[in-house]
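Chemist: Have a look at this prediction, sequence included:
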Amino acid sequence: MAKCSICGRKAIEKIEYARKYLCSKHYTEFIEEKVRRSIRRYGLIKKGSKILLAVSGGKDSIALLTILSKLSKEIHFKPYVLHIDLGIGKYSEVSRKIVEKAVQETNLPLIIIELKDLLGMSVLELAKKSGRPSCSVCGIVKRYLMNAVAIEMKADAVATGHNLDDIMTFILKEFLQQNLDGITKLVPRIDKINEAAAAKIRPLYEIFEKETLTYVLINNIEFVKEKCPEARTNTLNNVLKNHIHILEEKFPGIKYSFIRSFLRNIDKYPKLYMEKLMKCCICSLISSGTKCSYCKLTEKTHGEPLGMYTRNYIRKLLTGMDYQGY
Ligand code: SF4
Ligand code: ZN
Ligand code: ZN
């Protein structure tokens, strides 16, 4: 095996686009430096801010938790971890345990929302009752809860573990479907909208999927290896992602140049969704119609919209927690 380009020890990985070999120590530092640079370049996190980390337990969100926990001491911000227990049998049990363990090791405050306790139903039961695909219901619930928790605790932003491969996949998918409006949301940071939508940040915006995997493996960090039983393999997203991977192998650096050109051109895409945004008439959180998707969903499954009930539930859950931060 080749030697590390920095220290000469045994290399564990070759970074094609940077044309260097790295040992595990320098690989770890390389990835952390990339995240640090993205935070600076895109103005993602300010000193003294409160950041809510959405952590499912998968490799990306666990890498996010580990890296931001380290950087929080340097940048002086306060991270909080949010885990949503979806109630999907063993998969959710394992995910929750892994997040609890990671939180113990990093000593960060943890907020767990258990769907069965909140709504009396798991994601699968909600899907069955509403007649909608489970992943679509899951997306509505997760997006709503992340935003609602961030708003209630007055967090400065919600951070998610989307990596460069995810972002590029979403951009290509929106482009193929000619949803140019949707493309404008795929940036490293989306600002806060009044008291209705918390800011969203993506600190792993420039990290490859393969890199988060290598990062957690070489640092012996536990993450959820099982796939959610509801995950489908033959989706447009998966096919696109596989092709992106092949493209990078054949043309190292193409993902970077794509994302940089994309961000340079971002103002040329229409931002029509901004004009359609309003506050939900039930819960006052962000919505593209008079009622938000979560209130519409719970109206179907429970006979009444549960947005306001959910916000109160979160308020109670947060009571007594030191979420005031700085
Ligand atoms: Fe939710 Fe679908 Fe992902 Fe499972 S695969 S966690 S149901 S979005
Ligand atoms: Zn080295
Ligand atoms: Zn609502």
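Modeler: Looks like it came in fine. Ligands and ions are numbered 1, 2, ... in the order given.

Chemist: Contact residues of the stretch 151-300 of the chain facing ligand 2?
Modeler: Neighbours of ligand 2 within the stretch 151-300 of the chain, by CB under 5 Å from the ion: none found. Just so you know, the C-beta spots here come from the backbone N, C-alpha and C atoms, and that holds for glycine as well.

Chemist: Going along the chain, name the strands of the stretch 151-300 of the chain.
Modeler: 157-159, 189-190, 200-201, 278-279, 286-287 (DSSP state E, counting those that start in this stretch).

Chemist: Just put those in a markdown table and tack on mean neighbour count and mean pLDDT.
Modeler: A markdown table is the format used below for these (neighbours: other CB atoms under 10 Å; pLDDT from 0 to 100):
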| stretch | mean neighbour count | mean pLDDT |
| --- | --- | --- |
| strand 157-159 | 26 | 98 |
| strand 189-190 | 17 | 96 |
| strand 200-201 | 26 | 98 |
| strand 278-279 | 16 | 94 |
| strand 286-287 | 22 | 95 |
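
Chemist: want to try CSV for those strands, with distance to Pro305 as columns?
Modeler: CSV is the format used below for the strands of the stretch 151-300 of the chain (distance: least, CB to CB, whole Å):
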stretch, distance to Pro305
strand 157-159, 23
strand 189-190, 25
strand 200-201, 24
strand 278-279, 14
strand 286-287, 11
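
Chemist: Tell me which of the ones you listed approaches His26 most closely.
Modeler: strand 157-159 (25.2 Å; CB to CB).

Chemist: would you put the C-alpha positions of the strand or helix carrying Val137 in PDB?
Modeler: Element membership for Val137 (DSSP states H and E) is helix 134-152. Output of helix 134-152 as PDB, limited to C-alpha atoms (Å, rounded to 0.1, in the frame of the first residue of the first chain):
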ATOM      1  CA  SER A 134     -44.600   5.200   4.000                       C
ATOM      2  CA  CYS A 135     -41.600   7.200   2.800                       C
ATOM      3  CA  SER A 136     -43.800  10.100   1.900                       C
ATOM      4  CA  VAL A 137     -45.500  10.100   5.300                       C
ATOM      5  CA  CYS A 138     -42.100   9.700   7.000                       C
ATOM      6  CA  GLY A 139     -40.700  12.700   5.100                       C
ATOM      7  CA  ILE A 140     -43.700  14.900   6.100                       C
ATOM      8  CA  VAL A 141     -43.400  13.900   9.800                       C
ATOM      9  CA  LYS A 142     -39.600  14.300  10.000                       C
ATOM     10  CA  ARG A 143     -39.500  17.700   8.300                       C
ATOM     11  CA  TYR A 144     -42.400  19.000  10.500                       C
ATOM     12  CA  LEU A 145     -40.900  17.800  13.700                       C
ATOM     13  CA  MET A 146     -37.400  19.000  12.900                       C
ATOM     14  CA  ASN A 147     -38.700  22.500  12.200                       C
ATOM     15  CA  ALA A 148     -41.200  22.500  15.100                       C
ATOM     16  CA  VAL A 149     -38.500  21.600  17.600                       C
ATOM     17  CA  ALA A 150     -36.100  24.200  16.200                       C
ATOM     18  CA  ILE A 151     -38.800  26.900  16.400                       C
ATOM     19  CA  GLU A 152     -39.800  26.000  20.000                       C
END
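
Chemist: Next, see if it gets close to ligand 1.
Modeler: Yes. Helix 134-152 is in contact with ligand 1 by CB under 6 Å from any ligand atom, via 134-135, 138-139.

Chemist: and the residue lying closest to Thr160 once chain neighbours are set aside, what does it touch?
Modeler: Distances taken as CB to CB, 6 or more residues apart in numbering put Ala54 closest to Thr160, at 5.0 Å, once the chain neighbours are dropped. Contact analysis of Ala54 by CB atoms under 8 Å, 6 or more residues apart in numbering lists 61, 82, 84, 142, 146, 158-161.

Chemist: how far away is Ala54 from Ala155?
Modeler: 11 Å (CB to CB, to the nearest Å).
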